[in-house]
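Visitor: Just to be clear, the model below is a prediction. Sequence and coordinates:
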Amino acid sequence: MKTTAFVRVFLVLLLSAQPILPVNALAGSVTGWGFNNQGQIDVPAGDSFVAIAVGSYHSLGFKADGSLVGWGDNECLQSTVPEGGGFIAITAGSYHSLALKDDGTLVGWGDDYFGQSEVPESNGFTAVASGGFHNLALKSDGTLVGWGDDYFGQCNVPDSGGFVAIAAGAYHSLALKDDGSLVGWGDNSYGQCNVPVGNDFVAITAGTYHSLALRADGSLVGWGENGSYQCTVPEGGGFVAVAAGAFHSLALKDDGTLVGWGDNSYGQCNVPAGAGFSAIAAGGFHSLALLSQSPSAKEQLLALQNDLARALPAGGALNRLLVKLSAACRSLDDANEKNNVAALNCLQAFINALEAQRSKNLSDQQADAFIGQAQAIAALIARGYAGPKRSH
């Protein structure tokens, strides 16, 4: 895979909110639209959100201080979030919720009819995804764990390793492998598990009976039930994130704008105008988006040096690149703070990827890929690449 593809891979994983997010990730406010029978789009005020997740009729937010916020339907206490901080990722099922902590453990709450809120009692998890009534979790060794409703075998995860991302639909499951290929299992009534062939995929998402994937070239692919045209993806490229709701779909473009398609019975596809969005989430019949504030990018990039130093394996060529990255960060122009968002996102995502590889012995090919990506990021920062301008 080319270096540019790796940059896109890890940027997409960052935006999708599935992997571990640094505490200093880009923060912003949340906007919601679509069905609002339970107050699921009545988002809390504030501009410190760094990730969002939605269930059937409830919504969750993860704040920069590591705390959680929940709103909307709370009949099963799925919006009654745990107190305290230390959380680094969130996900929402139909009527339950899960969170990943910075020690690699999981916390679950809400509906537990199928045991979907009873999380595994271990650590080492790096990502979590909730479907209708089941969950998937990714471990640091690249293996998967599944639990909850297993009527269609949606919890029967593959025995092999090498997985880097996961997605859970209503009754089916998807996973992305480190070679860029996809795997699907569970309910296949509409072909939603018949994943496309190829090894250039970088992100996945699953709805009720449909599935979507993002390719390294920024284009989208959809398969499964298409009665509301939720699989009829927009043509062209330039996409950096994708989200599947019950019967609708959302995508985020590299210019910070949003696109929606599929069932629009409640206006869930009527995306807000303007740019500046950095994350999306699609629920039962509602949608959320994160509008990031203009960060002090130079300060955040400089602060990330410590995270990068911790993430790098001991010794080796990767460490030598820390010097280049640090120098590039320091060279940023204070007058162009608003124009360094792309570099910040890439560097954060790069750190996430390295953290996931901490306990692994990298092959020469994997090491070369990381080195290539780091060099690309260093060059990106050094030349003051702006990325898309963001409106506020």
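Guide: Happy to help now that I have it. Numbering: from 1, shown residues only.

Visitor: For the closest residue to Gly169 other than its chain neighbours, the count of nearby residues, please.
Guide: Taking C-beta to C-beta, 6 or more residues apart in numbering, and ignoring the residues beside it in sequence, Gly169 has Ala206 as its nearest neighbour in space, at 3.2 Å. Every residue, glycine included, has its C-beta placed from N, CA and C. The number of residues packed near Ala206 is 30, by other C-beta atoms under 10 Å.

Visitor: domain parsing for the chain?
Guide: What the record gives for the chain is the domain set 3-292, 297-382, from automatic domain parsing.

Visitor: quick revisit: quick one: the residue nearest to Gly169 from Gly55, how far?
Guide: Note on Ala206: its distance to Gly55, by C-beta to C-beta, to the nearest Å, is 14 Å.

Visitor: just to revisit the earlier point, return the most buried member of the domains of the chain.
Guide: Comparing the domains of the chain by mean neighbour count (mean count of other C-beta atoms under 10 Å), domain 3-292 ranks first with a mean of 21.

Visitor: who does Gly70 bridge with?
Guide: Beta-bridge pairing for Gly70 (DSSP bridges): Leu60.

Visitor: Ser59 is in contact with that one, correct?
Guide: Yes. Counting by C-beta atoms under 8 Å, Gly70 does reach Ser59; the two are 7.1 Å apart.

Visitor: Now do the shared contacts for the two.
Guide: Contact criterion C-beta atoms under 8 Å, 6 or more residues apart in numbering; residues shared by Gly70 and Ser59: Ser79.

Visitor: Regarding stretch 159-170, how distant is the last residue from the first?
Guide: Counting by C-alpha to C-alpha, to the nearest Å, you get 22 Å between the two ends of stretch 159-170.

Visitor: let me redo that: stretch 81-96
Guide: 11 Å.

Visitor: Now it: average pLDDT?
Guide: Taken as a whole, stretch 81-96 has an average pLDDT of 94.

Visitor: do stretch 121-132 as well
Guide: Stretch 121-132 shows a mean pLDDT of 93.

Visitor: For that stretch, C-alpha coordinates in PDB please.
Guide: Written as PDB, here are the backbone C-alpha positions of stretch 121-132 (Å, rounded to 0.1, in the frame of the first residue of the first chain):
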ATOM      1  CA  GLU A 121     -13.300  -9.200  32.300                       C
ATOM      2  CA  SER A 122      -9.900  -8.600  30.800                       C
ATOM      3  CA  ASN A 123      -7.800  -5.800  29.300                       C
ATOM      4  CA  GLY A 124      -5.800  -5.300  26.200                       C
ATOM      5  CA  PHE A 125      -8.800  -4.000  24.100                       C
ATOM      6  CA  THR A 126      -8.100  -1.300  21.600                       C
ATOM      7  CA  ALA A 127     -11.500  -0.800  19.900                       C
ATOM      8  CA  VAL A 128     -15.200  -1.700  20.500                       C
ATOM      9  CA  ALA A 129     -18.300  -1.800  18.300                       C
ATOM     10  CA  SER A 130     -21.900  -2.300  19.200                       C
ATOM     11  CA  GLY A 131     -24.600  -3.700  16.900                       C
ATOM     12  CA  GLY A 132     -28.300  -4.200  17.600                       C
END
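
Visitor: Was I right to think Cys269 contacts Phe247?
Guide: No. The pair Cys269 / Phe247 is not scored as a contact, 10.0 Å apart, by C-beta under 8 Å.

Visitor: Send me stretch 219-227 as PDB with only the CA atoms.
Guide: Extracted as PDB, the C-alpha positions of stretch 219-227 are listed here (Å, rounded to 0.1, in the frame of the first residue of the first chain):
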ATOM      1  CA  SER A 219     -14.300   6.300  -2.700                       C
ATOM      2  CA  LEU A 220     -17.100   4.400  -1.100                       C
ATOM      3  CA  VAL A 221     -18.700   1.000  -1.600                       C
ATOM      4  CA  GLY A 222     -22.000  -0.300  -0.400                       C
ATOM      5  CA  TRP A 223     -23.700  -3.700  -0.300                       C
ATOM      6  CA  GLY A 224     -26.700  -5.400   1.200                       C
ATOM      7  CA  GLU A 225     -30.300  -4.200   1.400                       C
ATOM      8  CA  ASN A 226     -30.900  -1.200  -0.800                       C
ATOM      9  CA  GLY A 227     -34.700  -0.500  -0.500                       C
END
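
Visitor: Please identify the helix or strand for His191.
Guide: Not His; residue 191 is Gly. According to DSSP states H and E, Gly191 maps onto no helix or strand at all.

Visitor: before we move on, back to that, next up, the contacts around the residue nearest to Gly169.
Guide: If a contact means C-beta under 8 Å, 6+ apart, then Ala206 has Gly131, Ala167, Ala168, Gly169, Ala170, His172, Ser173, Leu174, Gln192, Leu212, Ala244 as its contacts.

Visitor: one more time with 6 Å, if that's ok
Guide: Neighbouring residues of Ala206 by C-beta atoms under 6 Å, 6 or more residues apart in numbering: Ala167, Ala168, Gly169, Leu174, Ala244.

Visitor: same check, this time on Tyr229
Guide: Gly262.

Visitor: didn't Val271 look like it was pressed against Thr257?
Guide: No. Counting by C-beta atoms under 6 Å, Val271 stays clear of Thr257, with 8.1 Å between them.

Visitor: Helices of the stretch 1-150 of the chain, start to end?
Guide: With DSSP state H, counting those that start in this stretch as the criterion, the stretch 1-150 of the chain has helices at 3-15.

Visitor: for it, which spans come out with low pLDDT?
Guide: Applying pLDDT under 70 to the stretch 1-150 of the chain flags residues 1-26.

Visitor: can you pull out the strands in it?
Guide: For the stretch 1-150 of the chain, the strands defined by DSSP state E, counting those that start in this stretch occupy 28-34, 49-54, 58-63, 68-72, 87-92, 96-101, 106-110, 125-130, 134-139, 144-148.
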